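Student: any chance you could fold what I've pasted below:
(one chain, ligands or ions: 2)
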Amino acid sequence: MALQKLFETSIGMENEIVGYVVGEAKPYEAELLAFRPLAMGEYLYMEYHGYRVLAFVATSITGSLVISRDLVDPRDVERLVKNIRVGERLFYHRGKVKILGSVDNSLSKLHIPPIPPPPGTEVYKAPKAVLEKVFTPSGPAHVRVGVLLREPEVEVRVNINKVVSRHLGILAMTGMGKSNLVALIAKRVSELGGTVIVFDYHGEYLSLPNTAIVKPSLDPTRLTLDELARLLNIPRNATRQRMVLKECLDSIDAEACGDFFNNLKKCVQGKVVRYGASAQKVLDAVNVYESFLRKILKEASGDVIERVAIGSINAVDLSELHLNHADAVIAHWLSRLLEARKASVWSNGAKGLPTPIIVVIEEAHIFIPVGEETATKQRASVVVREGRKFGLGIIVVSQRPRGLDPTILSQLGNLAILRIVHPEDQVYVAKYCEPVMQDVMEELPGLNIGEAILLGEWVAVPAAVKVDLVREKVSGADIDAVKIWSLYTAKNIDKG
Ligand SMILES: Nc1ncnc2c1ncn2[C@@H]1O[C@H](COP(=O)(O)OP(=O)(O)OP(=O)(O)O)[C@@H](O)[C@H]1O
Ligand SMILES: [Mg+2]
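Tutor: Ligands and ions are numbered 1, 2, ... in the order given. Have a look, this model is predicted:
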C-alpha cells in the first residue's frame with residue numbers, strides 16, 4: 001500500500017515523461033517513441049490495465065526522416081541543419097523496452113503482467129523510490145555490489161543466499177572486471193561471517209586483506225584414483241594403467257605408513273609381471289613427476305577441510321602448479337567440501353564443515369572445458385547439481401565462455417555478464433545460460449570496464465550495474481610497460 005501511495009504522489013508530477021508506446025506490443029516487450037535519446041540500461045515506468053510496471057531500455061535508436069540516408073550531397077545536410085527552425089524536431093528517438101514486471105506485489109521477484117501495454121501508454125523515467133525498492137532491498141542476505149549504471153544514486157544489492165543455492169557465472173572478456181567482482185563478493189561474504197574459497201591460479205587474491213592463504217598440499221593417501229591419475233598425467237582412457245594405479249592406491253591406503261612415493265614405486269614395480277608395459281608406463285610417470293609432486297603430496301598435510309578458515313576468504317595458492325596438478329587439487333577440494341557439507345547437514349552440524357561455503361573457480365574454461373574430461377569438471381558438475389541442498393555454492397569465472405562446459409553453464413542460476421564482444425561468446429551464453437535475454441547480449445559490447453548486467457535469482461530484475469572497485473585488490477591491473485621501461489632505463493643511466 002505504501003508503494004501505491006508513492007506513485008500517486010510522484011508519477012505525472014515530478015517525473016519526466018519519456019515517450020509513448022507505439023506500434024505492436026507484447027506482454028514482455030514494447031516499442032517506444034521518445035522525446036529524447038534513450039540510454040541502454042535505463043529504467044522506465046508505465047501504468048496500464050491497472051498494472052504499475054518497471055521496464056528496461058534494451059535498444060535505443062535515433063534517426064531522421066529529413067536528414068535521411070537518401071540524401072546524396074553533404075551540402076544539403078548543411079543547409080537543412082542551418083535552416084531548421086528552433087524547436088522543430090529533426091530527429092526521432094525510438095527504443096525497444098523489455099517489460100520487467102509489475103511492482104505492485106512481491107518485490108523479491110517481479111512478475112510480468114499477462115497483457116501488453118496498449119499503444120499510447122505514457123512512459124516515464126522510473127522514480128528513484130521505485131528503483132530503490134527493487135534494487136536496494138534491506139534484507140540480511142543482501143549486500144551492495146555497486147550502483148545502477150544510469151542512476152548512480154541508486155545502490156544495487158544482491159541476495160547472497162541465492163549465490164550459495166543457485167551458483168553464479170561471471171563472464172566477460174579479459175581485463176573487464178571479473179576478478180574485481182569476485183574480490184568484492186568475497187569481501188562482502190566475509191563481512192557477513194561467511195566463508196569463501198578461491199582457487200587462485202594466478203596468485204592474484206593472495207594480497208587481499210583478511211585472506212587466509214592456503215597451501216595446495218594434499219595428503220596422498222586421501223586422493224581418489226582420478227585425482228592421482230591426473231597428477232601423474234595418466235589419460236582417462238588408459239584403462240590398464242589406471243588399474244595398476246588403483247590396485248596400488250588401495251594397498252598403500254591400507255598400509256598407510258612409510259614414504260608414499262617409495263611405497264607406490266615398490267607396488268607398481270610388483271605389477272610389471274602381470275600388467276607389463278602398462279605398469280612400466282605408470283612407473284615412468286611416477287619417476288618423472290616424483291620430485292615435483294613431492295612439493296604438493298605430503299603425508300602430514302591432513303585433510304584439506306581442516307585448513308579452511310571459517311568466516312574468512314581462503315585463497316588456495318595454485319600459482320606454482322601446472323594445469324593438470326591444479327585440476328587435481330581443485331577436484332580434491334570440491335569432493336571433500338561436498339562430503340564435509342553433507343556430513344554436517346546429515347549430522348545436524350555435529351560433523352563436517354559447520355557453515356555453508358562459496359567456492360570460486362577462475363579460468364573455468366580450462367578446468368571445466370567443453371568437450372574434454374577433467375577431474376574438476378566431473379566434481380563441479382556434482383556440486384552444481386547437489387550443492388544447493390548442502391550449502392555449497394560455486395562461482396564460475398571465465399573470459400572465454402564458449403570454452404565452458406554447456407551442462408554446467410546451463411545450471412548456473414545467476415549471472416554477471418560484463419563486456420563481451422566476441423559474437424560466438426554472445427551466442428553461446430545466450431544459448432546455454434537460462435536467464436539471458438538476447439537483446440541484452442547485443443548491447444554487451446557497449447559496456448565499459450566494471451559495468452555489468454546481473455541476471456538470475458540474486459536480483460529481482462535484470463540490473464545494469466557499475467560495480468564497486470575493490471581498491472585493496474592491487475594485482476590484476478594492466479601492466480604499464482612503457483613506464484617500467486623508462487624507470488629501468490633511468491636507473492641504469494644513473495648507475496652508469
Ligand atoms: N568495477 C570497476 N571499476 C573500476 N575499475 C575496475 C573495475 N573492475 C576492474 N577494474 C579495473 O580493471 C582492471 C582489471 O580488472 P580484473 O582483474 O577484475 O579483470 P578480469 O576480467 O578479471 O581480467 P582477466 O580476464 O585478465 O582475469 C583492474 O585492475 C581495475 O583497474
Ligand atoms: Mg581475472
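Student: so what's whatever residue of the stretch 251-400 of the chain ends up closest to ligand 2 closest to, chain neighbours aside?
Tutor: Closest residue of the stretch 251-400 of the chain to ligand 2, Cβ to the ion: residue 362 (6.2 Å). For glycine as for every other residue, the C-beta is placed from the backbone atoms N, C-alpha and C. Of all residues not flanking residue 362 in the chain, residue 397 sits nearest, at 4.8 Å (Cβ to Cβ, 6 or more residues apart in numbering).
Student: related to what we said a few turns ago, just checking, the residue of the stretch 251-400 of the chain closest to ligand 2 touches residue 179?
Tutor: Yes. Residue 362 is within contact range of residue 179, at 7.0 Å (criterion: Cβ atoms under 8 Å).
Student: list residues touching both of those two?
Tutor: Counting by Cβ atoms under 8 Å, 6 or more residues apart in numbering, the residues touching both residue 362 and residue 179 are residue 397.
Student: the residue nearest to residue 362 touches residue 367, doesn't it?
Tutor: No. Checked against Cβ under 8 Å, the pair residue 397 and residue 367 is beyond contact range at 10.3 Å.
Student: shaky segments in the stretch 151-300 of the chain?
Tutor: In the predicted model, the stretch 151-300 of the chain carries pLDDT under 70 at residues 253-257.
Student: near ligand 1, which residues of it are found?
Tutor: Residues of the stretch 151-300 of the chain found near ligand 1 (Cβ under 6 Å from any ligand atom) are 172, 174, 175, 176, 177, 178, 179, 180.
Student: show me the contacts for the first one.
Tutor: By Cβ under 8 Å, 6+ apart, the contact list for residue 172 reads 178, 399, 417, 418, 419, 420, 452.
Student: would you list the phi and psi of the residue of the chain positioned farthest from its centre?
Tutor: Distance from the C-alpha centroid of the chain peaks at residue 83, with 52.2 Å (Cα atoms, centre = their mean). Backbone torsions of residue 83, given as degrees, to the nearest 10, read phi -90, psi 0.
Student: any idea of the pLDDT on residue 85?
Tutor: As predicted, residue 85 sits at a pLDDT of 65.
Student: pick out the residue of the stretch 301-450 of the chain closest to ligand 1.
Tutor: The nearest approach of the stretch 301-450 of the chain to ligand 1 comes at residue 450, 2.5 Å away (Cβ to the nearest ligand atom).
Student: hang on, the earlier thing: next, give me the two most distant ones among the contacts of residue 172.
Tutor: Comparing every pair within the contacts of residue 172 by Cβ to Cβ identifies 399 and 452 as the most remote, at 14.0 Å.
Student: the two: who's more crowded?
Tutor: For residue 399 versus residue 452, the count of surrounding residues by other Cβ atoms under 10 Å is larger for residue 452: 28 against 22.
Student: element containing the residue in the chain positioned nearest to ligand 2?
Tutor: Using Cβ to the ion, the closest approach of the chain to ligand 2 is made by residue 179 at 3.1 Å. Per DSSP states H and E, residue 179 falls inside helix 178-191.
Student: using PDB, write out every CA atom in that helix.
Tutor: Presented in PDB, the C-alpha positions along helix 178-191 are these (Å, rounded to 0.1, in the frame of the first residue of the first chain):
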ATOM      1  CA  LYS A 178      35.600 -10.300 -13.400                       C
ATOM      2  CA  SER A 179      38.200 -10.800 -10.600                       C
ATOM      3  CA  ASN A 180      37.300  -7.400  -9.100                       C
ATOM      4  CA  LEU A 181      33.800  -8.600  -8.800                       C
ATOM      5  CA  VAL A 182      35.000 -11.900  -7.200                       C
ATOM      6  CA  ALA A 183      37.000  -9.900  -4.700                       C
ATOM      7  CA  LEU A 184      34.000  -7.700  -4.000                       C
ATOM      8  CA  ILE A 185      31.700 -10.600  -3.400                       C
ATOM      9  CA  ALA A 186      34.300 -12.400  -1.300                       C
ATOM     10  CA  LYS A 187      34.800  -9.300   0.800                       C
ATOM     11  CA  ARG A 188      31.100  -8.800   1.300                       C
ATOM     12  CA  VAL A 189      30.500 -12.500   2.200                       C
ATOM     13  CA  SER A 190      33.300 -12.400   4.800                       C
ATOM     14  CA  GLU A 191      31.800  -9.300   6.200                       C
END
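Student: what's the local residue count around the closest residue to residue 26 other than its chain neighbours?
Tutor: Leaving aside its chain neighbours, residue 26 sits nearest to residue 116 (5.2 Å; criterion: Cβ to Cβ, 6+ apart). As a burial measure, residue 116 scores 19 neighbours (other Cβ under 10 Å).
Student: check what pLDDT residue 116 gets.
Tutor: Reported pLDDT for residue 116: 96.
Student: how about the contacts made by it?
Tutor: 25, 26, 27, 30 are the contacts of residue 116 under Cβ under 8 Å, 6+ apart.
Student: so which of those residues wins on neighbours?
Tutor: Neighbour max across these (other Cβ under 10 Å) = residue 30, 28 neighbours.
Student: can I assume that residue sits in a strand?
Tutor: Yes. The assignment for residue 30 (DSSP: H, G, I helix; E, B strand; the rest coil) places it in a strand.
Student: just checking, it touches residue 53?
Tutor: No. At 9.8 Å, residue 30 does not count as touching residue 53 under the criterion of Cβ under 8 Å.
Student: what do the two both touch?
Tutor: 99, 117.
Student: hey, where'd the strands end up in the stretch 351-496 of the chain?
Tutor: For the stretch 351-496 of the chain, the strands defined by DSSP state E, counting those that start in this stretch cover 357-361, 392-398, 414-417, 451-456, 463-467.
Student: close to ligand 1: what parts of the stretch 301-450 of the chain are there?
Tutor: Residues of the stretch 301-450 of the chain lying near ligand 1 by Cβ under 6 Å from any ligand atom: 399, 449, 450.
Student: who are the neighbours in contact with the second one?
Tutor: Contact criterion Cβ under 8 Å, 6+ apart gives 175, 176, 177, 418, 419 as the residues in contact with residue 449.
Student: one more time with 10 Å
Tutor: Contact analysis of residue 449 by Cβ atoms under 10 Å, 6 or more residues apart in numbering lists 172, 173, 175, 176, 177, 180, 418, 419, 466, 467, 469.
Student: repeat that for the last one.
Tutor: Residue 450 is in contact with 146, 149, 176-177, 180-181, 418-419, 465-469, counting by Cβ under 10 Å, 6+ apart.
Student: and what of the first one?
Tutor: Residue 399 makes contacts with 170-176, 178-179, 362-365, 418, 420, 422, 425, as judged by Cβ under 10 Å, 6+ apart.
Student: same thing but 8 Å
Tutor: Contacts of residue 399 (Cβ under 8 Å, 6+ apart): 171, 172, 173, 174, 178, 365.
Student: check the gap between it and residue 408 for me.
Tutor: Here residue 399 is placed at a distance of 16 Å from residue 408 (Cβ to Cβ, to the nearest Å).
Student: and if you look at the second one?
Tutor: Here the criterion is Cβ to Cβ. By it, residue 449 lies 27 Å from residue 408.
Student: ok so, going back, what's the angle from the helix holding residue 179 to strand 357-361?
Tutor: 170 degrees (axes from the mean of the first three to the mean of the last three Cα atoms, to 10 degrees).
Student: from the contact counts, what lies against helix 178-191?
Tutor: Applying 3 or more Cβ pairs under 8 Å, 6 or more residues apart in numbering; DSSP states H and E, we find helix 178-191 packed against strand 142-148, helix 160-166, strand 168-171, strand 195-200, strand 313-317, strand 357-361, strand 392-398, strand 463-467.
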